[in-house]
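Engineer: okay, here's the prediction I keep looking at, along with the sequence it came from:
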Amino acid sequence: MPKCDVHNIELSEGTISITYGLHRSSELHKRAQKALFPNANSFISCGCIQYSTSPIETSGVYCARCRDAEEEWNRRPNHLAGINVEEKEDVLAALDNASTELTQQIARAAEALFPFALEVAKAQQRLNLLAHKHGVIDDDYFSKRVDVLLDETTRKCEGSLGRTFWAIKRAHHDQVFGPGWAEGSER
């Protein structure tokens, strides 16, 4: 019998429900399924049309721990679904708080950058008017120039944030696990 790649236990033989109808999974669910419960095989989707003679279950293989992880993930999506560790709820609460704080910080940073973007747009508008005044007539001149300038500014900010993120991550991990953990892992 094959083993589950995630839980390293033999797959069990048993009943798998057959469902009918249009089933769409979110990208988040698809990624979670691939990483956390790839062998749950809780159901098989068989299309939209169900007849009175259509089967409602079949036999197949599944991983019981994958099914547990899927059930937990469906109740509360998290990256620790199916992992039994002490104080998991505390870790999840800390992650939720960190995510909320990061979202607020990003919002504050975006809010702080908005006046700069507005000033850039005003400067580009002045350049556009000056170009028109001197006979450079290009209907798309303004938008091209603003897009190029804002794209370059955004790229520089993202690069700076990326370097900062990796530096913070490296410093934290070095404190916890020792130096040299991230060699070759930076973008």
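Structural biologist: Good, I have the coordinates.

Engineer: am I right that residue 15 sits in a strand?
Structural biologist: Yes - checked against DSSP: H, G, I helix; E, B strand; the rest coil, residue 15 lies within a strand.

Engineer: dig out what it forms beta bridges with.
Structural biologist: Following DSSP bridges, residue 15 is listed with bridge partners residue 59.

Engineer: can I assume it is in contact with residue 59?
Structural biologist: Yes - Residue 15 is in contact with residue 59 according to C-beta atoms under 8 Å; the separation is 6.2 Å. All C-beta atoms are positioned from the backbone trio N, CA, C, and that covers glycine.

Engineer: so these two - more neighbours on which side?
Structural biologist: residue 15 (11 against 8; other C-beta atoms under 10 Å).

Engineer: and the gap between that one and residue 93?
Structural biologist: As judged by C-beta to C-beta, to the nearest Å, residue 15 and residue 93 stand 36 Å apart.

Engineer: so how far is stretch 38-54 off the chain centroid?
Structural biologist: 28 Å (C-alpha atoms, centre = their mean, to the nearest Å).

Engineer: swap in stretch 20-39?
Structural biologist: Using C-alpha atoms, centre = their mean, we find the averaged C-alpha position of stretch 20-39 to lie 14 Å away from the chain's own average C-alpha position.

Engineer: and for residue 28, the neighbour number?
Structural biologist: By other C-beta under 10 Å, neighbour count at residue 28 equals 10.

Engineer: name the element it belongs to?
Structural biologist: With elements taken from DSSP states H and E, the one containing residue 28 is helix 27-36.

Engineer: equivalent analysis for residue 113, please.
Structural biologist: With secondary structure defined by DSSP H and E, residue 113 is part of helix 88-133.

Engineer: list the helices and strands that helix packs on?
Structural biologist: Counting contacts by 3 or more C-beta pairs under 8 Å, 6 or more residues apart in numbering; DSSP states H and E, helix 88-133 is packed against helix 141-177.

Engineer: quick one: mean pLDDT over the helix it packs on.
Structural biologist: Helix 141-177 shows a mean pLDDT of 63.

Engineer: show me this structure divided up by domain.
Structural biologist: Taking automatic domain parsing as the domain assignment, the ranges for the chain are 12-75, 111-177.

Engineer: rewinding a little: what is the helix holding residue 28 packed up against?
Structural biologist: Helix 27-36 sits against helix 64-75, with contacts defined as 3+ C-beta pairs under 8 Å, 6+ apart.

Engineer: now for the helix it packs on, which elements pack on it?
Structural biologist: helix 27-36.

Engineer: how about the helix it packs on: buried residues?
Structural biologist: Residues of helix 27-36 classed as buried by neighbour count (16 or more other C-beta atoms under 10 Å): 32-33, 36.
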